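**Student:** Pasting the sequence and the predicted model now:
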Amino acid sequence: MSNTSTKLGDDFLRIPKLDVAGANWVVYKDRFLWSVDARGYLDHLDGTASEPVDPITDRTGPPAAPAPAPALTITDPAGTETELA
């Protein structure tokens with residue numbers, strides 16, 4: 001009895017190493033596509049998935065201007081306020 005524990009379907013997701021000469025290209029390609037499809041990513045691979053929308057840039061209307069920073073002031077011991085640039 002073998003000591004390795006594999007789940008049902010793990011063998012299905014395994015992709016053989018591609019031979020340098022390309023002798024197993026057909027098997028490699030098929031297994032690769034099956035594995036990607038089984039994981040739910042085939043639409044990303046073949047280009048049929050739509051690109052996710054960036055939530056920062058996908059707003060209706062022009063982007064709002066950032067709020068101006070409050071003026072920085074310091075108060076000396078005499079109570080005079082000086083604005084810092």
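**Tutor:** Ah, there it is.

**Student:** C-alpha only now, for contacts and for neighbours.
**Tutor:** Will do.

**Student:** From Asp37, how far out is the residue most central in space within the chain?
**Tutor:** For the chain, Pro52 is the residue whose C-alpha lies nearest the centre (C-alpha atoms, centre = their mean; 9.8 Å). Applying C-alpha to C-alpha, to the nearest Å, the value for Pro52 to Asp37 is 19 Å.

**Student:** next one: Thr75
**Tutor:** Thr75 sits 67 Å away from Asp37, going by C-alpha to C-alpha.

**Student:** neighbour-wise, which of those two wins?
**Tutor:** With neighbours defined as other C-alpha atoms under 10 Å, Thr75 and Asp37 compare such that Asp37 has more, 15 against 10.

**Student:** To which secondary structure element type does the more buried one belong?
**Tutor:** Under DSSP: H, G, I helix; E, B strand; the rest coil, Asp37 falls in the helix class.
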